[in-house]
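Colleague: got a predicted structure plus its sequence, pasted below:
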Amino acid sequence: MPDALRMEQAVTLGYRETRAFEPVAADGFHSHLHYEIYYFHEGLCTYIVGERIYQLHPGDVLLMHGRTLHRPHPQPGHPYVRSTLHFDPALLHEYVQTSYADKLLLPFEQSGGIRLQLTLQERSDLEVLLEQLSRLSHEPQQGQIPLPFMMKLCDLLALLAGCCERQESPVVREGKEMYAHHIVDYIEQHYMHDMTLEQIADHLHLSRSYASSLFKEWTGMTIFKYLYHRRINQAKLLLQYQHDLPISEISRRSGFKQPAHFSRMFREEVGCSPESYRLR
């Protein structure tokens, strides 16, 4: 068995956090290697995971493998209460059989993000487990992970895996939420081409001002801020996994017509040049 993972390396839990959202990056998006369980206790919040937008309700859970860029957008002036648990998936393989660990981790690996809407009983069970995990995480163990903590973590993952098995049909979206999703879908299909606000609005049979305002209200950013984020994210993926592609071709495939403009936007968003990002 490999050396035991230390608590601070393998798992972190923020239980019933109430502080204001403080984005790590300028646009609020972030990613990480750990898997994440995000439980929404209270407030008004939309959450963007990759190309999906979720309107959260108290009792909702997001399961994410972390590598997909994600970002909350809590509404100002309202409480924002959430619990977040990040854990290294390798942790489970140190404590349980491989077949069982694979079953518990499957919901995180099927897609970039899954939203679960819990029943009252499931919500009660989950909140009890989160409280117990929070208490156990503060018991001194020379930095090592207490066995009771791991047992409760497995109970929590088993509960969530069971919830995934009975996942209900997709929620029917209406009004502004529906239009915000349509805008994201349109951008996903056309981000590599020239795009205007008028084209997006005409596609949805909306005025330009209404399309702009509802998207900003729903996501916390403008349509073109999201579009540039999507293009930069595509460029990052190509830089990571298409090592033979020249920068000019990556620029074109990501929706930038001029490599100089691409390099300038990439540096502003990421903090380094595309060439440096590829080497890093």
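Modeller: That came in fine, so what should we check first?
Colleague: show me the strands in the stretch 101-250 of the chain, by range?
Modeller: Secondary structure of the stretch 101-250 of the chain, counting by DSSP state E, counting those that start in this stretch: strands at 113-117.
Colleague: do a quick rundown of the helices in it.
Modeller: 120-137, 147-165, 175-190, 197-204, 208-219, 223-241, 247-253 (DSSP state H, counting those that start in this stretch).
Colleague: hey, which of those helices is tucked in deepest?
Modeller: Mean neighbour count, computed with mean count of other CB atoms under 10 Å, is highest for helix 223-241 among the helices of the stretch 101-250 of the chain, reaching a mean of 19. To be clear about C-beta, it is placed using only N, CA and C from the backbone, and glycine gets the same treatment.
Colleague: quick one: list the elements packing against it.
Modeller: For helix 223-241, the elements it packs on are helix 175-190, helix 197-204, helix 208-219, helix 247-253, helix 259-270, helix 274-279, judged by 3 or more CB pairs under 8 Å, 6 or more residues apart in numbering; DSSP states H and E.
Colleague: dump the helices of the stretch 101-250 of the chain to JSON lines, plus mean pLDDT and distance to residue 265.
Modeller: Shown next, in JSON lines, are those (pLDDT from 0 to 100; distance: least, CB to CB, whole Å):
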{"stretch": "helix 120-137", "mean pLDDT": "94", "distance to residue 265": "40"}
{"stretch": "helix 147-165", "mean pLDDT": "93", "distance to residue 265": "38"}
{"stretch": "helix 175-190", "mean pLDDT": "87", "distance to residue 265": "16"}
{"stretch": "helix 197-204", "mean pLDDT": "93", "distance to residue 265": "18"}
{"stretch": "helix 208-219", "mean pLDDT": "91", "distance to residue 265": "19"}
{"stretch": "helix 223-241", "mean pLDDT": "87", "distance to residue 265": "6"}
{"stretch": "helix 247-253", "mean pLDDT": "94", "distance to residue 265": "10"}
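Colleague: who wins for proximity to residue 97 among those?
Modeller: Closest to residue 97 of the helices of the stretch 101-250 of the chain is helix 147-165 (CB to CB; 11.1 Å).
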